[in-house]
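**Q** 3D, please:
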Amino acid sequence: MTSTTTTLVQLKLSLLRGGLRQSTGRRAAYIASAVFTLLFAALQLLGLILLRGNAHADAVIVLLVAVLALGWAVMPLFFPGGDETLDPTRLVMLPLRPQPLVRALLAASLVGIGPLFTVCMLIGSVLAVAHGAAAYVVGVVAVALALLVCVALARAVAAANLRLLTSRKGRDLAVLSGLVIAVGAQLVNFGAQRLGSAGLGQLEPAADVLRWVPPASALGAVDAASEGSYGIAAAQLALTALALAALLAVWARHLNRLMTSPDGSTLQAMAETAVRGRSSTGMARLLPGGRTGTAMERSLRYVWRDPKTKAAWVTSLAIGLIVPVFNALQGTGSIYFACFAAGMLGIQMYNQFGQDTSAFWMVAMTISSTRDAYVELRARALALLVITLPYATLVTVLTTAMLGDWPRLPEVLGLSFALLGAMLATGAWTSARFPYSIPQEGYKNVAPGQVGLAWIAIFGGMVAAALLCAPVIILTILINTSADGDAWSWLLLPVGTAYGAALTYLGLRLAAPRTAQRLPEILTAVSKG
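**A** The predicted model follows:
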């Protein structure tokens with residue numbers, strides 16, 4: 001009789017084969033990602049082997065394994081659709097008990113690129129610190145325990161948050177993956193620069209703590225065995241084994257609850273929505289009346305509720321902050337990098353009607369004149385300014401404080417506001433002239449056949465916005481190169497603000513007639529996704 005473990009491992013392999021057979025593009029993407037991952041793993045393995053003999057090798061591998069475990073823990077939260085087997089409720093109709101199911105799912109979880117990459121990292125870590133036969137024996141046990149802890153951690157987190165991950169809020173959580181990756185990349189870059197200048201010795205204090213935290217403690221046991229501290233090595237391995245047992249117990253308890261209790265999430269969500277609807281106050285009351293307030297509220301709700309719009313905003317907010325702040329932390333930044341925040345947020349004005357998709361017909365039905373089109377565009381610009389103005393100001397002040405260059409704060413704020421106004425103007429015009437559809441399903445942000453429109457709208461608009469800002473940029477250069485420039489630099493704040501406001505007004509005025517004339521064409525363009 002075929003065991004449950006064998007059946008689920010075969011099922012996992014069948015899912016992988018079936019996914020690869022769906023389309024040539026998916027097969028090519030999987031093969032390319034597998035090749036890239038394996039090449040990266042091979043390079044990392046080589047780097048760890050070359051680390052052998054370094055005085056701080058043990059600190060490096062302990063931190064590496066800790067970061068690896070953290071990646072396994074957060075993976076189900078930000079990429080819930082990455083593995084179809086993460087949802088055990090698909091097996092709820094089968095007569096399976098929690099303990100055999102845990103063993104079977106744990107074995108199935110070891111099939112894939114992720115576990116193979118983890119094994120390469122763990123083997124490289126063992127080779128970096130192991131000295132002597134005993135250390136290699138401990139290393140074999142450590143690799144097995146650390147791998148199982150990583151996989152069990154991912155499964156326990158997924159099971160504990162399954163109701164959230166399968167809801168709309170859970171899918172929206174994946175939007176933050178871009179932010180996590182962007183911040184993580186900058187942190188790695190910053191840390192690498194610090195280590196390059198100060199050496200690996202800075203890792204020792206953190207490693208001394210993490211070597212007793214599973215699964216890093218398993219690799220700490222290898223280093224302890226290399227030094228002849230067999231008692232410490234045994235204790236660290238035992239600690240890792242206890243952590244694995246605890247994770248499996250937590251996972252089994254969540255599996256038992258998921259497969260025996262009814263799903264009341266829908267009713268709960270409806271009740272919460274009703275409560276929120278009855279207690280709604282706040283933002284809607286602060287907005288102006290008439291069409292302007294209604295359009296502003298609609299745009300702000302898109303930012304909060306629509307996954308694609310939210311993803312674009314989160315990415316822009318993150319990058320707009322990361323670039324100036326991390327450059328300032330590294331000591332290579334300039335206060336003018338703060339303008340990057342205004343530029344990234346101004347991009348959100350482009351393709352305003354694309355976020356409406358086919359529902360744009362309801363907006364089009366309410367536009368009967370150039371005046372209506374102008375009010376609609378103005379409301380969308382005002383909704384964007386509700387977020388961008390305070391955020392751009394905050395980033396500019398924060399960057400200035402980190403660099404200690406307070407005399408230049410007014411001119412940088414003026415430049416930021418001028419750039420923001422230019423991007424609002426060009427964004428309104430390109431929204432009417434080059435609209436394109438944003439698919440609601442999948443990861444593509446442009447419908448097939450409209451990539452050229454998107455490039456023209458975004459990059460053409462950005463170039464035009466930069467050219468429109470040329471007068472303020474030239475004025476800034478002239479003031480900074482003059483003998484008494486410091487005395488007049490404050491003028492750039494009111495000048496830049498007024499210039500940006502004037503550009504926004506002119507851009508909306510020029511875009512309104514084209515919008516009113518091209519309503520059918522805009523509806524057709526944004527309805528293709």
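**Q** list the buried residues for the strand or helix carrying Val9?
**A** According to DSSP states H and E, Val9 maps onto helix 4-21. For helix 4-21, burial by neighbour count (16 or more other CB atoms under 10 Å) applies to Thr4, Thr5, Leu8, Val9, Leu11, Lys12. Using the backbone N, CA and C atoms, a C-beta is placed for each residue, glycine as well.
**Q** what does that helix contact?
**A** Contact with helix 4-21 is made by 26-27, 30, 84-85, 96, 100-101, 103-105, 107-108, 111-112, as judged by CB atoms under 8 Å, 6 or more residues apart in numbering.
**Q** related to what we said a few turns ago, in CSV, list the buried residues of helix 4-21 along with distance to Asp306 and pLDDT.
**A** Supplementary listing: those in CSV, determined by distance: CB to CB, whole Å; pLDDT from 0 to 100:
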residue, distance to Asp306, pLDDT
Thr4, 42, 77
Thr5, 42, 80
Leu8, 37, 79
Val9, 39, 83
Leu11, 35, 79
Lys12, 34, 79
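**Q** next secondary structure after the helix holding Val9?
**A** helix 24-50.
**Q** next secondary structure after that next one?
**A** helix 57-78.
**Q** what's the pLDDT at Ala516?
**A** At Ala516, the model reports a pLDDT of 93.
**Q** and the helix or strand hosting Ala401, what's buried?
**A** Per DSSP H and E, Ala401 falls inside helix 370-403. For helix 370-403, burial by neighbour count (16+ other CB under 10 Å) applies to 372-388, 391-393, 395-396, 398-400, 402-403.
**Q** tilt between the very next helix or strand once past it and helix 370-403?
**A** Counting by DSSP H and E, the next helix or strand C-terminal to helix 370-403 is helix 409-433. Helix 409-433 and helix 370-403 are oriented at 150 degrees to each other (axes from the mean of the first three to the mean of the last three CA atoms, to 10 degrees).
**Q** nearest residue to Ser217 in space, please, no chain neighbours.
**A** Once flanking residues are discounted, Ser217 sits nearest to Gln236: 4.2 Å by CB to CB, 6 or more residues apart in numbering.
**Q** remind me which helix or strand that neighbour belongs to.
**A** helix 230-260.
**Q** what is that helix packed up against?
**A** helix 98-109, helix 133-160, helix 216-226 (3 or more CB pairs under 8 Å, 6 or more residues apart in numbering; DSSP states H and E).
**Q** I'd like these as TSV, with mean neighbour count and distance to Lys310 appended.
**A** Output for those, formatted as TSV (neighbours: other CB atoms under 10 Å; distance: least, CB to CB, whole Å):
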stretch	mean neighbour count	distance to Lys310
helix 98-109	20	30
helix 133-160	21	22
helix 216-226	28	35
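**Q** ok, which of these comes nearest Arg52?
**A** helix 216-226 (10.8 Å; CB to CB).
**Q** got the angle between that closest one and helix 57-78?
**A** Comparing the axes of helix 216-226 and helix 57-78 via the same axes, to 10 degrees yields an angle of 160 degrees.
**Q** run through who's touching helix 216-226.
**A** Outside helix 216-226, the residues that touch it by CB under 8 Å, 6+ apart are 58, 61-63, 65-66, 69, 122, 125-126, 129-132, 134-135, 137-139, 141-143, 145-146, 149, 210-212, 230, 232-234, 236-237, 239-240.
**Q** go with 6 Å
**A** If you take CB atoms under 6 Å, 6 or more residues apart in numbering as the criterion, helix 216-226 is touched by 58, 61-62, 65-66, 125-126, 129-131, 134-135, 138-139, 142, 145-146, 210-211, 232-233, 236-237, 239-240.
**Q** just the CA trace of the helix holding Val9, in PDB.
**A** Output of helix 4-21 as PDB, limited to C-alpha atoms (Å, rounded to 0.1, in the frame of the first residue of the first chain):
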ATOM      1  CA  THR A   4       0.700   9.200   2.500                       C
ATOM      2  CA  THR A   5       4.200  10.600   2.300                       C
ATOM      3  CA  THR A   6       4.900   8.900  -1.000                       C
ATOM      4  CA  THR A   7       1.500  10.000  -2.400                       C
ATOM      5  CA  LEU A   8       2.000  13.700  -1.500                       C
ATOM      6  CA  VAL A   9       5.600  13.700  -2.800                       C
ATOM      7  CA  GLN A  10       4.300  12.300  -6.100                       C
ATOM      8  CA  LEU A  11       1.500  14.900  -6.000                       C
ATOM      9  CA  LYS A  12       4.000  17.700  -5.600                       C
ATOM     10  CA  LEU A  13       6.000  16.400  -8.600                       C
ATOM     11  CA  SER A  14       2.900  16.100 -10.600                       C
ATOM     12  CA  LEU A  15       2.000  19.800  -9.800                       C
ATOM     13  CA  LEU A  16       5.400  20.900 -10.900                       C
ATOM     14  CA  ARG A  17       5.100  18.900 -14.200                       C
ATOM     15  CA  GLY A  18       1.600  20.100 -14.800                       C
ATOM     16  CA  GLY A  19       2.600  23.700 -14.200                       C
ATOM     17  CA  LEU A  20       5.400  23.500 -16.700                       C
ATOM     18  CA  ARG A  21       3.100  22.000 -19.300                       C
END
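**Q** tell me the angle of that helix relative to helix 24-50?
**A** 120 degrees.
**Q** can you read off the pLDDT for Ile322?
**A** Confidence at Ile322, expressed as pLDDT, is 84.
**Q** swap that for Phe78, sorry
**A** The model's pLDDT for Phe78 equals 60.
**Q** likewise Leu239?
**A** Leu239 is given a pLDDT of 95.
**Q** now swap in Leu153 and tell me
**A** 90.
**Q** how about Leu248?
**A** pLDDT at Leu248 comes out at 91.
**Q** kindly report the same for Leu86.
**A** 53.
**Q** now do the one 5 residues further on
**A** We have a pLDDT of 67 for Leu91.
**Q** and if you look at Leu165?
**A** At Leu165, pLDDT is 56.
**Q** swap in Thr260?
**A** pLDDT at Thr260 comes out at 69.
**Q** check the offset of stretch 237-254 from the chain's centre.
**A** The chain centroid and the centroid of stretch 237-254 are separated by 30 Å under CA atoms, centre = their mean, to the nearest Å.
**Q** distance of Val213 from Gly220?
**A** Distance, Val213 to Gly220, by CB to CB, to the nearest Å: 9 Å.
**Q** sorry, that was for Leu38
**A** Counting by CB to CB - Leu38 and Gly220 are separated by 27 Å.
**Q** domain parsing for this structure?
**A** Domain segmentation of the chain under automatic domain parsing yields 4-11+20-260, 286-526.
**Q** so the helix or strand harbouring Met462 versus helix 409-433, what angle?
**A** Element membership of Met462 [criterion: DSSP H and E] is helix 461-468. Angle, helix 461-468 to helix 409-433, by the same axes, to 10 degrees: 130 degrees.
**Q** let me see the mean pLDDT of helix 461-468.
**A** What helix 461-468 shows for mean pLDDT is 88.
**Q** tell me what the helix or strand following that helix is packed against?
**A** Going down the chain from helix 461-468, the next helix or strand is helix 470-481, by DSSP H and E. Here helix 470-481 touches helix 492-517, going by 3 or more CB pairs under 6 Å, 6 or more residues apart in numbering; DSSP states H and E.
**Q** dump the next helix or strand along the chain from the helix it packs on to CSV, keeping only the CA atoms.
**A** Beyond helix 492-517 in the direction of the C-terminus, DSSP H and E gives the next helix or strand as helix 519-526. Extracted in CSV, the C-alpha atoms of helix 519-526 (Å, rounded to 0.1, in the frame of the first residue of the first chain):
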residue,chain,number,x,y,z
LEU,A,519,-13.9,59.7,-24.1
PRO,A,520,-14.8,56.7,-26.4
GLU,A,521,-11.2,56.2,-27.4
ILE,A,522,-10.1,56.3,-23.7
LEU,A,523,-12.8,53.8,-22.7
THR,A,524,-11.7,51.4,-25.5
ALA,A,525,-8.0,51.7,-24.5
VAL,A,526,-8.5,51.1,-20.8
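**Q** appreciated, that's everything.
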